[in-house]
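# model this:
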Amino acid sequence: MDFRKNRSNAYGTEQDELPYQPIASRTATLSAAPATAVPEERFDAERSQKISSGSLLETQAGLIIQNHNSRLEIAEFNWFGYNSKTLQVGEKSTINFTLGAQGMSEFSFDYFALHNHTTVMNFYDVNGTLIGSEKLLYTGSVTAKQFVIKTLSFTAPSGTQIARAELVTGDEPAVGDYGFHVDNVRWAAAGPLPVNFTFDRMQKDTGTSATDFITKDGSAGRQVEGTLSRALSANETLEFWDGSRWVAASVNGMRWQAQDGTAHAADWEYRLRVVDAAGNATPEQSHQVVLDVTPPPVQVIFERMSKDDGVADDWRTADGSAGRLVSGSLDRTPDAGDVAEYSYDGGKTWHTLTLNGLDWSFTDPDSHNADWQYLIRFTDIAGNVAAPAVQDVVLLPLDITLSFDRMEKDTGASDSDFITRDGSAGRRVEGTLSRELNAGETLQFWNGTAWVNATATGLTWQAQDDAAHGGSWTYRLRVVDATGSTLEDQHQDVLLTPPSPVRVTFDYMEKDDGIAGDWRTSDGSAGRLVSGKLDRALSPGDVVEYSLDGGVSWQVATLNGLGWSFTDPAAHGQDWVYLVRIHDVAGNIAAPVSQTAVLLPPPPVSLTFERMDKDSGISATDFITNDGSAGRLVEGTLSRALSEGETLEMWDGQRWVSVSVSGLSWSALDDATHAADWQYKLRVLNPGGVPFHEQTQDVVLDLALPDAAGLSGMGKDSGLDVQNLYTSDGRAGRIYWGTFAAAETGARVEVTTDGGLTWHDALTDGNRWSWQDNEDHGADWTVQTRITDRAGNTYEGTPHQVRMDATPPDHPDLINREGDRLTVSLKNSGVVAGDKVIVHINGKNAFYTLTAADIQAGQAIVTLPANSRLSAEYRAAFMDVHGNVSDYFSRTPLIFDFEDQKAFNYPVRNKTYDFGLFSIIWSGSSANHGITGVAKEQGMQYPTNTLGISCVGDPVTLMLNHGKKSNKMTFEIKDLTLGDIRIEFYDDGKLAYNYTAYMRNGKYQYLTVDLPAGKEFTSIKFIPATPNDVLAIDNLNFWVYDDKILPTDSVQTVINGDLISVGDNLDNLFIVNNVSDLSKIETLNGNGGIDTLKLAGANQTLDLTSFLGKIQSMEVIDITGSGNNTLNLSLGDILQQGGKDLFNISGNVQMVVKGNAGDKINLSDLLPDKSDVGDWSSSGNVTVGGVTYAVWQHSALDAELLVQSGITTNLLNH
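Numbering: from 1, shown residues only. The predicted structure is shown next:
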């Protein structure tokens, strides 16, 4: 273990390391550091200094440090007791360590505070070959008090020496440039390094490359440069052979240079050697220099050029335009390094020539207006330039062409067609030349009678014709050269024409709304077709012209054979005249023909107000608004176009304003501010400004907010209270309905169920509204209305909270009957005040509404229906305010009243008679033994006429069956008149308790016997007092129960007088034998599933609408019964009972009615509030489950009724 460095892992670790011993311990050890004989640089003896980029530092120990680009310095470091000078190295740097001329076999150093993971140390031999590389490992952050020292060491491979150790630091921007510390650099010397040289460049190295040592210049005086593989030691010098003698070379670091003062006439050689102080020289290293003064011998052949428009390849052309390809070949392949160049400007500029084997080509981008030359030359690698090959190009003169362009007095439509009606003397003739005249060339003009000189200026010419012409004539033009030869001769015929004799007639005018062809009309509007005929065809170039302004201006008419026509674009407010004339090609104009159009007085005009801006509310065209601000556009129509001079004005409520008219539409801007109702007026003014028609439009300004649209009801509002917005049915398709103020008839009502994110238009009927909600709801939601009156005033109503809960409450955990009172435990049920208790007993039912006091007490007391047998099974369930019903707690008491038994006497002595719950053994037999009504028959005073156990004198024993035991018993004893009765209670045959019924307590006694704590009985023996004592025992209550938790019955029959009948979330069937049995029903709710209400009788009429809110969630009504039943139902019933897509996928709320021939349905289109928003109509048939149904579809709401084939359906559309 080094005394200053942590070298427990010589190669470091990628993880942070903490010091292995306390700081004080390492500080004490530091002072005892022993000396070492290994060459080492600890930097302690060095001066603190910065080593700039590009500088060298040789330390006192002989280590040479070269800084290429680093933040590098020797500085004092004191941290964690480490007090020493170190070499501090910045990041993103390159640093070389050498011993100069000395090689190394080993190299190592210590380092710490290295923050990045990408720093490496590369080792090179004297030839610059990489012989090894080591990565520097992360040592942790000194600022984070993670002080770990690591050592990097490297041993040169066998047969090699380390000439240079290169440190390349990492670049990790996320880490930051903290730098790190290097200390205790050690090495093992391995002897002198061999020296290798490079010859990099020399002055006067001509040719394409300045570093190939090939030149054409052997003159004296050039500097030669290169590099060394290592630095020279202090006793070494570098000598240079310049081709004739050895001279001293200068060395700067790893570079050398020498001066060559010798003149060379042929190739020569440079040499280098190192000589030490003893005169020993290293092996020489040489470099050859080639002296080449001979130009390239390649011969260039010019073969052809494009645009050579004379004889092919004669290099004579009349086309000097830019962009021609020049090509040729070479007589031999150029030497390596030879460069070919071309010039198209006489050698002023040169460009590299493209070679393709022995072929060459280039493109000349210049244009030429005189003879020119192409030049090609070769330059060899030594810079020798061969004499250029030259190709002369001769530019020939161009042919000349002449044209006649125009002449003065060229009458008619064109001034350049040389057709005229004017042959008088004195006119200038002009034209153009294809090129300028050359020296010695003249231009001559024939005027029809003589040759005269023409004047040429550039590419245009002109000549004077002073001759008078009586008929058509010919001009000529020619070019004459200096020899008198004619180079070009051109001519131009001139046609002299008389006026046209063609006659014009008017035939027809559009919008001639009087007698056809009388040219009298009341329609002066713009855009009418006018047409006529010519008596003969026009000559070529002649045209028909028309004028709409009395001859001030003329336009060309359309000609089709002998017919002519034009369109009059002008509007006319009075009589007007059309003019038509013939204008021939020579300019002759015939006298115009006129046609007068008579404008009759205009017909009456009617005006309408169509719309205005800021017309708020339901309609944008009813002129009812809540916005009286200034700046609105008012628009309307006219029954006819305004005549010439007619205008429109509008009264904006304060003043008359101008109106814009476009065709049959008008618009005006109302800039007035209105605080109350106002009236617009629109009037037509004739050209004299007198109004002759006026139209008015009243505007209503309504700023009063409408009353809220009230919510009256919601479909599928389950439970007993169908107005409380509590439901267990979140299915899509429910209907909401309500009303709004009658004064707001025509208002728009909208409904939202998502807090106003989306609003839906409701249907309205008078002042009633309704809306169908097609969303499924799985939790509470709100319903809110918004009403917008005709003026656009909007008022949002108060949101209504709909409470959604489809989870049934927990069932009661205990119920118990005492007489006609039923105690129901509310413990752990979660019920709240307002929830119901449903009770069934003895075929009857009742319900009870829980109060806050009940909830507080934890139980409810329900009064049972009168005359309920004590032995009857009874059950109770909870129904929450949403209509969800729990399972039933069912209790069957072990009470026996014998009313269901068949009376008998004379039982067999000591025989066991099984009565199910218990068995009886009579020890005697007579007419008064058995199950009899003898007590009544003998005149006993007993309030009821009931059967019971009777015996005379002999004991009777009762035994509990099925292993039942009890510790309590209640019973009745009748006719206790002759003495006391002893009652013995046995537990599995052993006497457990004695009880005496005393005669003194009355003839009729209702007794309850409680056995002492811990005592139970399985049998009872009744022992009469005397042999003649007649006993009657009845209404035995053993205080033992059969308790069960039962679901809702899937099939239920509604009995007359029933108040409630509810189903569960399965498919339930409710049977009604007579519609009158529903007279007292409070709720008949199928709840979840697809539930069926079935009529079992005949000739019954079920008016489902009259049970709105009481009969709920009955998706199927079966009226088959035993024949001829009638069902009355409405749109509201279907939306209340049905469900979306229950029977087939249609997107509608569906309900099914089953039945057969003889059954009838009266189907109304009214909603629960009697509003009428649409009608029923047939929508074909559908087959569901193999049964065919007629489908009745509603026109406004998503509702349909499926009626089984055979049933008669009467539609009651209102």
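# need the contact list for the residue lying closest to Gly426 once chain neighbours are set aside.
The shortest distance from Gly426 to any non-neighbouring residue, by CB to CB, 6 or more residues apart in numbering, is to Asp466 (5.8 Å). (C-beta placed from N, C-alpha, C; glycine too.) Residues near Asp466 by CB atoms under 8 Å, 6 or more residues apart in numbering: Ala425, Gly426, Asn447.
# give me the low-pLDDT residue ranges for the stretch 151-300 of the chain?
The stretch 151-300 of the chain contains residues with pLDDT under 70 at 172-178.
# where exactly do the strands run in it?
Under the criterion DSSP state E, counting those that start in this stretch, the stretch 151-300 of the chain contains strands at 164-168, 180-192, 197-202, 214-215, 222-228, 236-241, 246-252, 255-260, 268-276, 285-291, 300-305.
# Just checking: what are the partner strands of the second one?
It refers to strand 180-192. strand 40-41 (antiparallel), strand 82-89 (antiparallel), strand 102-112 (antiparallel) (DSSP bridges).
# is it possible to export the ones you listed to TSV including distance to Tyr995?
Converted to TSV, the strands paired with strand 180-192 look like this (distance: least, CB to CB, whole Å):
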stretch	distance to Tyr995
strand 40-41	119
strand 82-89	106
strand 102-112	104
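# Quick one: closest of those strands to Thr139.
strand 102-112 (5.1 Å; CB to CB).
# Any chance you could list what contacts that closest one?
With CB under 8 Å, 6+ apart, strand 102-112 has contacts from 4-5, 62, 97, 123, 126, 136, 139, 142, 147-156, 161-163, 165, 180-193, 233.
# re the thing from before, ok, which of the strands of the stretch 151-300 of the chain comes nearest Lys1110?
Closest approach to Lys1110 among the strands of the stretch 151-300 of the chain (CB to CB): strand 180-192, 91.1 Å.
# With distance to Arg982 and mean neighbour count added, can I get the strands of the stretch 151-300 of the chain in a markdown table?
As requested, the strands of the stretch 151-300 of the chain are arranged in a markdown table below (distance: least, CB to CB, whole Å; neighbours: other CB atoms under 10 Å):
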| stretch | distance to Arg982 | mean neighbour count |
| --- | --- | --- |
| strand 164-168 | 119 | 21 |
| strand 180-192 | 113 | 20 |
| strand 197-202 | 141 | 18 |
| strand 214-215 | 152 | 23 |
| strand 222-228 | 139 | 18 |
| strand 236-241 | 146 | 19 |
| strand 246-252 | 143 | 15 |
| strand 255-260 | 141 | 19 |
| strand 268-276 | 147 | 18 |
| strand 285-291 | 146 | 15 |
| strand 300-305 | 155 | 17 |
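# Tabulate those in TSV, adding columns for distance to Glu488.
Below are those laid out as TSV (distance: least, CB to CB, whole Å):
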stretch	distance to Glu488
strand 164-168	84
strand 180-192	94
strand 197-202	68
strand 214-215	62
strand 222-228	69
strand 236-241	80
strand 246-252	81
strand 255-260	73
strand 268-276	72
strand 285-291	65
strand 300-305	28
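# hey, C-alpha coordinates of stretch 455-475 in CSV?
Taking Å, rounded to 0.1, in the frame of the first residue of the first chain, the C-alpha atoms of stretch 455-475 are listed here in CSV:
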residue,chain,number,x,y,z
THR,A,455,-32.7,55.2,-95.1
ALA,A,456,-31.5,52.4,-92.9
THR,A,457,-31.0,53.0,-89.1
GLY,A,458,-29.8,49.9,-87.3
LEU,A,459,-32.3,47.2,-88.1
THR,A,460,-35.1,49.5,-89.3
TRP,A,461,-35.6,51.3,-92.6
GLN,A,462,-37.9,54.0,-94.1
ALA,A,463,-38.6,55.5,-97.5
GLN,A,464,-40.8,58.3,-98.9
ASP,A,465,-43.5,57.6,-101.6
ASP,A,466,-44.4,60.9,-103.2
ALA,A,467,-46.3,59.3,-106.1
ALA,A,468,-50.2,59.5,-106.5
HIS,A,469,-51.9,56.2,-107.2
GLY,A,470,-55.2,55.7,-109.0
GLY,A,471,-55.3,51.9,-108.5
SER,A,472,-53.5,49.2,-106.6
TRP,A,473,-49.7,49.3,-106.8
THR,A,474,-46.5,47.5,-105.7
TYR,A,475,-43.6,48.6,-103.5
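# quick check, nearest of the contacts of Asp466 to Thr621?
Distances from Thr621 to those, taken by CB to CB, are shortest for Gly426, at 74.4 Å.
# Let me see the contact set for that closest one.
Contacts of Gly426 by CB under 8 Å, 6+ apart are Gln464, Asp465, Asp466.
# of the residues you listed, closest to Leu720?
Using CB to CB, these come closest to Leu720 at Asp465, 120.5 Å.
# if I read this right, the closest one contacts Glu430, doesn't it?
No - using CB atoms under 8 Å, Asp465 is not in contact with Glu430, being 11.1 Å away.
# what residues do those two have in common as contacts?
Met407.
# So which of those two has more stuff around it?
Neighbours were counted for Asp465 and for Glu430 using other CB atoms under 10 Å; Asp465 has more, 23 against 16.
# And that one, how far from Ala248?
Relative to Ala248, Asp465 is positioned 99 Å away (CB to CB, to the nearest Å).
# again with Leu850
123 Å.
# before we move on, what about Ala590?
Using CB to CB, we find Ala590 at a distance of 115 Å from Ala248.
# burial count for Ala742?
The burial count for Ala742: 9, using other CB under 10 Å.
# likewise the one 4 residues further on?
A count of neighbours around Gly746, defined by other CB under 10 Å, yields 14.
# mind checking the SS state of it?
coil (DSSP: H, G, I helix; E, B strand; the rest coil).
# isn't it right up against Ile618?
Yes - between Gly746 and Ile618 there is a contact at 6.6 Å, judged by CB under 8 Å.
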